[in-house]
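Chemist: need a structure here:
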Amino acid sequence: MNIALQRLGHSSVLTDAVDLPGRRHILFGSNTLSWWGIEIPDDTILYNLEAVTPESDWHSEELLELFRRYHVWDYNRHNVAALRAAGVPRVQHVPIGGVPELDRIRPALTQDIDVLFIGTYSAERAAPIEQLQRAGYNAQLREGVWGAQRDDLYARAKIVLNLHGPTIFEVVRVSYLLANGIFVISEKCYYADEEEEFADGVVFVDYDRIAETCIRYLSDHRARAARITAGREIMRKRSARKYIGAALAEPAFTG
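Modeler: Alright, predicted model coming up:
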């Protein structure tokens, strides 16, 4: 986001401050804003990166009321439809795009992790990992790792899982993996149309077939390499500069 805005000619800074004079703030993590008791300027743009469709845990009247008060950007078209149906008047679809700087994970000397999932623990997420462990594979579920430590784990993994349950596709997480040449197997999407634009670069599979699909791809390096190449190409075509520029030019934003 910051790099895309700069390439569009804007003076953009990355900060955790919400009161910089003379600037319009774009706020990430607005779904947790009520936790901190922070006041934000009236012209703040809330860029929502969480599922807020009715089946999501984040779908709440408190969050919807916050979104009704501000201009909202959302990365997912199903979120946008749900927010409009809930009476959020100023919401735009602003997809997640890439910039070359996202490609920053250095390949590991040895990929000693067969299958990896990074995220909050749940029994559902742990189940395929445990199934693979029982079959003798080095499968890991890790939580609370960020930055360089997280990237080191990604580099060591032959397969990274994307597990979500009944919610929208985590493009934010997966786009970073694809940009860095990480092979991804994802639980099938709740909304089938979300798979289409990523189908060449991501293996989508029913939840109960995750472990067997991992085993199949672990023995097929060429198939993994082909998906990695396709995933990088997908992200090269998804220009963050184009998406942000289009959002800034829309009458919904300028009007």
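
Chemist: which residue ranges form the helices in this structure?
Modeler: For the chain, helices defined by DSSP state H occupy the ranges 2-7, 33-36, 61-69, 77-85, 123-134, 147-156, 171-179, 210-218, 221-237, 240-249, 251-254.

Chemist: which of these sits most buried?
Modeler: Each of the helices of the chain was scored by mean neighbour count; the highest is helix 171-179, a mean of 21, by mean count of other C-beta atoms under 10 Å. C-betas here are computed from N, CA, C, even on glycine.

Chemist: which residues touch that one?
Modeler: 49, 75-76, 95-98, 102-103, 154, 160, 162, 184, 186, 198, 201-202, 231-232, 234-235, 238 (C-beta atoms under 8 Å, 6 or more residues apart in numbering).

Chemist: again, but for stretch 140-153
Modeler: For stretch 140-153, the external contacting residues (C-beta under 8 Å, 6+ apart) are 104-105, 108, 113, 115-121, 125-126, 129, 180.

Chemist: repeat for stretch 216-226
Modeler: In contact with stretch 216-226 (C-beta under 8 Å, 6+ apart) are residues 114-115, 137, 158-159, 183, 185, 203.

Chemist: on that earlier part again, residue 54: which of the helices of the chain is closest?
Modeler: Among the helices of the chain, helix 77-85 comes nearest to residue 54, with 6.4 Å by C-beta to C-beta.

Chemist: Among the contacts of helix 171-179, which ones are in strands?
Modeler: 160, 162, 184, 186, 202 (DSSP state E).

Chemist: Specify which member of those residues is nearest to residue 43.
Modeler: Nearest to residue 43 among the ones in strands among the contacts of helix 171-179: residue 162, at 34.5 Å, using C-beta to C-beta.

Chemist: pLDDT score for the residue lying closest to that closest one once chain neighbours are set aside?
Modeler: Nearest in space to residue 162, with sequence neighbours left out and distances taken as C-beta to C-beta, 6 or more residues apart in numbering, is residue 186 at 3.9 Å. On pLDDT, residue 186 comes in at 96.

Chemist: can you check residue 255 too?
Modeler: 62.

Chemist: How about residue 130?
Modeler: Predicted confidence (pLDDT) for residue 130: 98.

Chemist: what's the answer for residue 165, then?
Modeler: pLDDT recorded at residue 165 is 67.

Chemist: Could you tell me how far the most centrally placed residue in the chain is located from residue 3?
Modeler: In the chain, the C-alpha nearest the mean C-alpha coordinate belongs to residue 172, at 1.5 Å (C-alpha atoms, centre = their mean). From residue 172 across to residue 3, the span is 16 Å (C-beta to C-beta, to the nearest Å).

Chemist: Could you check how far stretch 130-138 is from the centre of its chain?
Modeler: Counting by C-alpha atoms, centre = their mean, to the nearest Å, stretch 130-138 is centred 27 Å from the centre of its parent chain.

Chemist: who touches it?
Modeler: Residues contacting stretch 130-138 (C-beta under 8 Å, 6+ apart): 112-115, 139, 211, 214-215, 218.

Chemist: Tabulate the residues you listed (TSV), appending pLDDT.
Modeler: Converted to TSV, these look like this (pLDDT from 0 to 100):
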residue	pLDDT
112	98
113	98
114	98
115	98
139	98
211	98
214	98
215	98
218	98
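
Chemist: Now for these: which two are most distant?
Modeler: 112 and 211 (19.1 Å).

Chemist: Which among the contacts of stretch 140-153 count as buried?
Modeler: Neighbour-count burial (16 or more other C-beta atoms under 10 Å) is assigned, among these, to 105, 113, 115-119, 125, 129, 180.
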